[in-house]
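Starting from these lines, generate the structure:
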Amino acid sequence: MKQVILDTSFLITLANQRNDRPNHATAVEYFRHCVTNQIPMWVSSVAAGEFQVGQPVTDLPLQNFQTLSYSWMHALRAADFYKEISRDKVSKEGSRTIIINDLKIIAQAAEEKIPLILTEDEDTLSKMVARLRKAGLTEVDVILLSDGFSPDRFIDPAQKTLGLTSEGNPV
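Sure thing, here's the model as predicted:
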């Protein structure tokens, strides 16, 4: 069964009441698609904490989400991912390593065998996933909101939209 984990940028875009985020409508379409097709939507405790910084997590349709607490195994997987991502960076002696939240969410998806991450984050999270996939460390893939709504992406995340609306009409 397909399932997805929602990153913080997806949640922020979905909950945007002012409707001023360019991918809001796409986020709503993916949300409705998941609800209609009973595709489990996971929200990490990590993403919930990030979301809460900007607005109350209760602004989200929580009844439609399954929650995923950050565990020991997630932390170990995130550390392995961090080693791969930071391999080319010069380390500063004596500095304390902090694993960024995107890696934690990717690690949770990998550890829990959640194959897809719905995100608006083209600059960080999606690039990290691509690098980790290339290194053979994960099979998790990303569906970017900026690519528009395409339910076929749940079958093949590499599939770009064919220029059709969700009703199957040309754009």
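
for stretch 53-64, which positions count as buried?
Using 16 or more other C-beta atoms under 10 Å as the burial criterion, the residues of stretch 53-64 that qualify are 57, 59, 60. In this view, the C-beta of every residue, glycine as well, is placed from N, C-alpha and C.

show me what contacts residue 64?
31, 34, 35, 41 (C-beta atoms under 8 Å, 6 or more residues apart in numbering).

Distance to residue 104 and neighbour count for those residues - can I get that in a markdown table?
Compiled in a markdown table, those are given as follows (distance: C-beta to C-beta, whole Å; neighbours: other C-beta atoms under 10 Å):
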| residue | distance to residue 104 | neighbour count |
| --- | --- | --- |
| 31 | 22 | 20 |
| 34 | 22 | 21 |
| 35 | 26 | 12 |
| 41 | 18 | 19 |
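
quick one: contacts of stretch 43-62?
Contacts for stretch 43-62 (C-beta under 8 Å, 6+ apart): 5-8, 11-12, 14-15, 17, 31, 65-70, 101, 104-105, 108.

of those residues, buried ones?
5-8, 11-12, 14-15, 31, 65, 68, 70, 101, 104-105, 108.

No further queries at this time; thank you.
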